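**Q** using only what follows, build the 3D model:
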Amino acid sequence: MDTTSPSWPVPLLVTTTALTISLTVLARALLWPPRRAVLKSPLGKIGRGDCSAEGLVYGPETFPGGRDVDTPDLFGRGFSDGVGDLPHDTRLYTSQILLALASSPLAWTGTQAFHLVGYSLGGGIAVPFANAFPHMVASLVLLAPAGLIDASSFGRLNRFVFASGFIPERILAVLTGRRLQRPIAARAVQAAQAATVMAVAEVDTKAPGEEAVPLEKGVLEYVRWMVRYHEGFVPAFMSCIRYAPLMGQHEQWKGLLRRKAGTTAMIFAEADELIREPEYREQGLPLAGGKEHVVWRVVPGRHDFVMTHPGRILDEIDAFWATCA
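**A** Below you'll find the predicted structure:
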């Protein structure tokens with residue numbers, strides 16, 4: 001009895017191999033598309049003419065001394081194009097801060113050149129920048145800063161999905177975009193993943209029966225608009241979850257010890273669903289040198305307190321700057 005296995009016809013074997021390779025290449029191109037370097041913003045920029053300057057409440061020459069007002073957005077948001085081929089990590093955002101400073105006709109570098117304020121993700125970005133350029137940053141104000149967020153807040157499944165690379169990038173982008181456009185009720189924030197909360201709940205974490213202020217409604221609509229029309233927004237958001245300084249930044253917080261005592265302030269919202277002040281007080285305050293080294297304040301509000309309690313926050317910052325002067 002012949003026990004040898006039947007051999008495949010050579011043409012069939014070649015055809016099967018070619019089809020398999022072709023389908024693999026096609027699937028990779030469709031589901032894991034190559035990343036373009038620049039993801040253009042749909043918003044255009046126009047210069048300000050003399051007529052528009054005359055209509056300003058406070059004209060450029062109202063106050064003595066040099067003034068420069070610029071409003072660059074983080075890469076992939078608003079007017080800023082997205083960066084598609086680099087990780088959105090500390091290095092990228094430090095470079096963007098330096099680019100923003102260099103774009104001004106005024107001199108923003110040098111010793112004690114400016115005050116730096118960072119909120120949420122911006123706070124997580126501000127800490128390593130202040131550590132890298134301590135001579136430039138006269139004072140540092142952190143409002144509910146990222147950096148020490150509990151990793152479990154992101155959910156194990158979410159962290160695996162974003163970090164593993166098993167889910168095709170195109171499919172993950174579609175799912176992420178849909179999630180960012182759905183509101184998060186305040187009662188559900190504890191169960192929601194921190195990644196989505198950081199992007200959306202800042203403008204939509206209302207208690208039952210509580211109305212959002214007009215600014216919050218406008219910002220929420222703006223987030224939805226960016227998901228739909230700014231091709232760089234969702235990729236930037238996903239890259240931030242993977243690479244931005246959101247958690248595990250204990251060494252960077254230790255670096256705040258090298259700053260002069262009394263030149264760093266941290267302001268938290270007492271009912272913040274994401275940046276929980278008790279956890280930061282337990283972990284972050286000792287790293288930064290304790291209350292003898294940093295100013296530590298807790299004010300009313302949730303994570304959106306920069307929009308719901310701006311007056312109280314500005315009072316705290318003014319008082320802090322008065323002690324730094």
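**Q** helices of the stretch 151-300 of the chain, start to end?
**A** Read by DSSP state H, counting those that start in this stretch, the stretch 151-300 of the chain holds these helices, from start to end of the chain: 156-164, 169-180, 194-200, 214-229, 233-243, 250-255, 277-287.
**Q** closest one to residue 306 among those?
**A** Shortest distance between residue 306 and the helices of the stretch 151-300 of the chain, using C-beta to C-beta, is found for helix 214-229: 9.6 Å. Placement of C-beta: from N, CA and C, glycine included.
**Q** neighbours of residue 115, just the number please.
**A** The tally of other residues near residue 115 (other C-beta atoms under 10 Å) stands at 15.
**Q** quick one on the thing from earlier: can you put the helices of the stretch 151-300 of the chain in CSV and add mean neighbour count?
**A** Formatted as CSV, the helices of the stretch 151-300 of the chain follow (neighbours: other C-beta atoms under 10 Å):
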stretch, mean neighbour count
helix 156-164, 13
helix 169-180, 15
helix 194-200, 23
helix 214-229, 15
helix 233-243, 22
helix 250-255, 16
helix 277-287, 16
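**Q** now those in JSON lines, with distance to residue 86 and mean pLDDT?
**A** What follows is those, written out as JSON lines (distance: least, C-beta to C-beta, whole Å; pLDDT from 0 to 100):
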{"stretch": "helix 156-164", "distance to residue 86": "17", "mean pLDDT": "65"}
{"stretch": "helix 169-180", "distance to residue 86": "15", "mean pLDDT": "79"}
{"stretch": "helix 194-200", "distance to residue 86": "20", "mean pLDDT": "56"}
{"stretch": "helix 214-229", "distance to residue 86": "19", "mean pLDDT": "80"}
{"stretch": "helix 233-243", "distance to residue 86": "8", "mean pLDDT": "90"}
{"stretch": "helix 250-255", "distance to residue 86": "20", "mean pLDDT": "97"}
{"stretch": "helix 277-287", "distance to residue 86": "28", "mean pLDDT": "96"}
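**Q** and those helices: which comes nearest residue 96?
**A** Each of these has some distance to residue 96 by C-beta to C-beta; the shortest is helix 233-243, at 11.5 Å.
**Q** export the helices of the stretch 151-300 of the chain to CSV and tack on distance to residue 34?
**A** Below are the helices of the stretch 151-300 of the chain laid out as CSV (distance: least, C-beta to C-beta, whole Å):
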stretch, distance to residue 34
helix 156-164, 19
helix 169-180, 10
helix 194-200, 25
helix 214-229, 22
helix 233-243, 12
helix 250-255, 32
helix 277-287, 39
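**Q** of all these, which lies closest to residue 111?
**A** Per C-beta to C-beta, nearest to residue 111 of these: helix 250-255, 18.6 Å.
**Q** how about the helices of the stretch 151-300 of the chain, which one is nearest residue 103?
**A** In terms of C-beta to C-beta, the element of these nearest to residue 103 is helix 233-243, at 19.8 Å.
**Q** now the closest one against helix 214-229, angle please.
**A** Orientation check (axes from the mean of the first three to the mean of the last three C-alpha atoms, to 10 degrees): helix 233-243 against helix 214-229 gives 100 degrees.
**Q** in CSV, list the C-alpha atoms belonging to helix 233-243.
**A** In CSV, the C-alpha atoms belonging to helix 233-243 read as follows (Å, rounded to 0.1, in the frame of the first residue of the first chain):
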residue,chain,number,x,y,z
PHE,A,233,-7.6,64.5,15.9
VAL,A,234,-8.4,60.8,16.4
PRO,A,235,-4.8,59.6,15.5
ALA,A,236,-3.5,62.2,18.0
PHE,A,237,-5.8,61.1,20.7
MET,A,238,-4.9,57.4,20.2
SER,A,239,-1.2,58.2,20.2
CYS,A,240,-1.6,60.2,23.4
ILE,A,241,-3.1,57.2,25.1
ARG,A,242,-0.1,55.2,24.1
TYR,A,243,2.7,57.6,24.6
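**Q** need the contact partners of it.
**A** 35, 39, 74-77, 82-84, 87-89, 121, 154, 162-163, 172-173, 176-177, 180, 195, 199, 226-227, 246 (C-beta atoms under 8 Å, 6 or more residues apart in numbering).
**Q** circling back: the helices of the stretch 151-300 of the chain: which one's closest to residue 263?
**A** Comparing the helices of the stretch 151-300 of the chain by their distance to residue 263 (C-beta to C-beta), the top pick is helix 250-255, with 13.3 Å.
**Q** quick one: distance of the closest one to the chain centre.
**A** Centroid displacement of helix 250-255 relative to its chain, using C-alpha atoms, centre = their mean, to the nearest Å, is 19 Å.
**Q** check which helices and strands it is in contact with.
**A** Judged by 3 or more C-beta pairs under 8 Å, 6 or more residues apart in numbering; DSSP states H and E, helix 250-255 is in contact with helix 121-132, helix 277-287.
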